[in-house]
Each structure stands twice: as structure tokens, then as C-alpha cells.
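Participant: Make a model of this:
(one chain, ligands or ions: 1)
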Amino acid sequence: MFNRNFNTNLLAATPSPYCTDISNYLLHIQLLNQGFSCETKNALQQLKDDRIKYYQFKDIPVSEEIPPTATNYISEIPKKTFQSEGVIGAVSLELGQLFNYRETSEFIFYDIYPTKGYEHSRSFVNSKKMLAFHSDGSAHPELCPDYVLLYCVRSDKKAVNLFVDLDALLEHLPDRIVDVLMQPLFKHMVSESPEYFEVKPILFKEGHHITIKYDEENTFGVNTEAISSQKCLNEMLQKIAVVITNSSRSLLILNNKRSLHARTSFNPKYDGNDRWIKCAFVTTNDIETGSIVSLSL
Ligand SMILES: [Fe+2]
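Facilitator: The predicted structure is shown next:
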């Protein structure tokens, strides 16, 4: 899809988004976006219309040299060219405004790769442990991404995404469980240090739709009814999840308010060839593209 009408020379000239003033980068992704084919725009429109909850582009014509996957967590893996970032940015313009959380990165992108010492942690840098079902930014008091963009720089056959469409989940859950999940009976961990929770529901009514904010590992029922409903939710997620495989130069776009995702466990090698995903958040809220949002606790 990207191949038709897509100017790879323009893509190769994408300026760095890893700086305080990203105006040149933002101008450049607008030019890249203008080269998208109708098929590409139609696929993204289907996401916006809620007809599909995810879409995956494959074999994107990115030809840049990729440095080894890092093994310790750093805010920016040194790269000489920014083709992957150009693709993600150009796609984001069809969906809304790029933003990030200050707690995650000082830049609009962040990288997901297995990090030494964190193999069994609850964090997205874990590896030997499954990354539990969640929606990104689910606990944030102000801003939750509408879309999450996951560009695969390097893949690992064992590490697949598991995906649950919220509409399918609601069809499978008993009404009494849905009723409990819609009540403010759940503590969502906003910050681990200092420890801070927000008490709110897991399911929300937004316009004509029901949306979900959930992180299996960081959400806790406040009474026995809430705890047993959450257990039922977790069991159903395991039952109905579908597998999405990422491959090098694929871009997975998730509707983050109308689905949940997880990642299976895998064994990191720390040889420079480990799985590496470049991630970006998009909101449809009226904020400036490129905003880095801070938590005010
Ligand atoms: Fe995620």
C-alpha cells in the first residue's frame, strides 16, 4: 500500500524528531502524508470510523540502516536517519495529534525492547514474563491515547501481540459483570513512586460507545464484587484474544480506547538483534501536535 505514490527519497530525508524544536519534522511528515495512496487513507479512515479496531501495514518501504538493539534503557537509541519515525508521523496525521508522557520519554517516540535486569518486571521492557492485557495510558488522569502506533524495527518470533476487540469482549461478558465494570470500584495505579491511585470504572460510556481503560497488572478491585468481576474479565480476555504477528517494517495501529492488547513472553539474547518496537501515541483531543504531557500529582 505504501509503495504506490510513496516518495521514498522524501522519506529518506526525514529530519530528526529527537530535539526540542520539532517544527521541521512536523512539516516533513505533512509532505510525506500527501503522498499516501487512497488505499492507505481508506484503511485509516476505517479505523477512525470504528469499523475496525486495528490495522497493520506490512513491508513498509523503509530502507534505513538500523543500529543494534540496545540492552539498557536509554531515551534515544542513536540513529543516523529517521525513516521509521517519518512513516509513523505521516500516518499519525490521519488520526489526530502525536503526544507523549513526560514520564515515558522527553520525545514524541519511545522504544520498546528487552532490558537487562527487567526480564520479569511488569514494565513494557520485560521479556521473560508476558506483558499483561492493557490499554496504554489507562490510569492517566487527563489524557489517554485514542490510538497507539507500534512500528516494528526488529521482530522476535516468540513475541506476538494478543488483541481483544472491546465489542467482542462485551458480547461475551455477562451483563452483571459489565454493570460492575462500569462502576467506580477499581483502583488504577497512576504512579508507583510516589504511590498514587485513581478510583474509577474500567468501562466507560463515551457518546454512543463504550470505552475501556484497563491494565491487568495495575488495576485492583476495591470490594469482593469488583475483584470477582475483574477475575471474570481476565479469564475472558485469555479466551477470546486473537494473535497479531509483527514483522520487521510493519506498523500496527490500535484503537486504544476500544480494545486491549498484550504481548507474549520471549527470551532476549542481548546480542543487538532483539525485538525492537518504536511506539507513538495519538489523541483526537485538541492539543498541540508534539505535546509532552506531565503528570501533576
Ligand atoms: Fe501497550
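Participant: all contacts plus neighbour counts: C-alpha atoms, from now on.
Facilitator: Noted.
Participant: so what does the host helix or strand of residue 86 touch, helix or strand wise?
Facilitator: Element membership for residue 86 (DSSP states H and E) is helix 83-95. Here helix 83-95 touches helix 8-12, helix 23-34, helix 38-48, strand 147-154, strand 276-283, going by 3 or more CA pairs under 8 Å, 6 or more residues apart in numbering; DSSP states H and E.
Participant: Show me which helix runs longest in the chain.
Facilitator: helix 224-240 (DSSP state H).
Participant: From the rest of the structure, what touches that one?
Facilitator: Outside helix 224-240, the residues that touch it by CA atoms under 8 Å, 6 or more residues apart in numbering are 133, 164, 168-169, 172-173, 177, 180-181, 185-186, 216, 220-221.
Participant: Identify each buried residue in it, please.
Facilitator: Using 16 or more other CA atoms under 10 Å as the test for burial, helix 224-240 gives 226-227, 229-230, 233, 236-237.
Participant: Now do the same contact list for the residue nearest to residue 123 when sequence neighbours are not counted.
Facilitator: Nearest residue to residue 123, sequence neighbours excluded (CA to CA, 6 or more residues apart in numbering): residue 131, at 7.4 Å. Contacts here follow CA under 8 Å, 6+ apart; on that basis residue 131 touches 122-124, 262-265.
Participant: re earlier: chain center to the helix holding residue 86: distance?
Facilitator: 14 Å (CA atoms, centre = their mean, to the nearest Å).
Participant: Number the chain from 277, please
Facilitator: Taking 277 as the first residue, the last one we looked at is helix 359-371.
Participant: following it, which helix or strand shows up next?
Facilitator: By DSSP H and E, the next helix or strand past helix 359-371 is strand 373-377.
Participant: contacting residues around that following strand?
Facilitator: 365, 368, 382-385, 556-571.
Participant: can you check stretch 324-331 too?
Facilitator: So stretch 324-331 is in contact with 319-320, 322-323, 371, 441, 528-531, 534-535, going by CA under 8 Å, 6+ apart.
Participant: which one of the residues you listed has the most neighbours?
Facilitator: Within the contacts of stretch 324-331, neighbour counts (other CA atoms under 10 Å) peak at residue 530, which reaches 26 neighbours.
Participant: Which elements pack onto the host helix or strand of that one?
Facilitator: Counting by DSSP H and E, the element that carries residue 530 is strand 527-531. Counting contacts by 3+ CA pairs under 8 Å, 6+ apart, strand 527-531 is packed against strand 330-333, strand 423-430.
Participant: Just say which of those strands is most tucked in.
Facilitator: The highest mean neighbour count among the helices and strands packed on strand 527-531, using mean count of other CA atoms under 10 Å, belongs to strand 423-430: a mean of 25.
Participant: how long is stretch 329-340 from one end to the other?
Facilitator: 30 Å (CA to CA, to the nearest Å).
Participant: Could I get the full set of helices for the stretch 327-476 of the chain?
Facilitator: Applying DSSP state H, counting those that start in this stretch to the stretch 327-476 of the chain gives helices spanning 359-371, 442-448, 451-457.
Participant: Pipe those into JSON lines and attach mean pLDDT and distance to residue 546 per row.
Facilitator: Converted to JSON lines, the helices of the stretch 327-476 of the chain look like this (pLDDT from 0 to 100; distance: least, CA to CA, whole Å):
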{"stretch": "helix 359-371", "mean pLDDT": "97", "distance to residue 546": "22"}
{"stretch": "helix 442-448", "mean pLDDT": "98", "distance to residue 546": "35"}
{"stretch": "helix 451-457", "mean pLDDT": "98", "distance to residue 546": "40"}
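Participant: I'd like those as a markdown table, with distance to residue 485 appended.
Facilitator: Formatted as a markdown table, the helices of the stretch 327-476 of the chain follow (distance: least, CA to CA, whole Å):
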| stretch | distance to residue 485 |
| --- | --- |
| helix 359-371 | 18 |
| helix 442-448 | 10 |
| helix 451-457 | 14 |
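Participant: so which of the ones you listed comes closest to residue 286?
Facilitator: Closest approach to residue 286 among the helices of the stretch 327-476 of the chain (CA to CA): helix 359-371, 9.2 Å.
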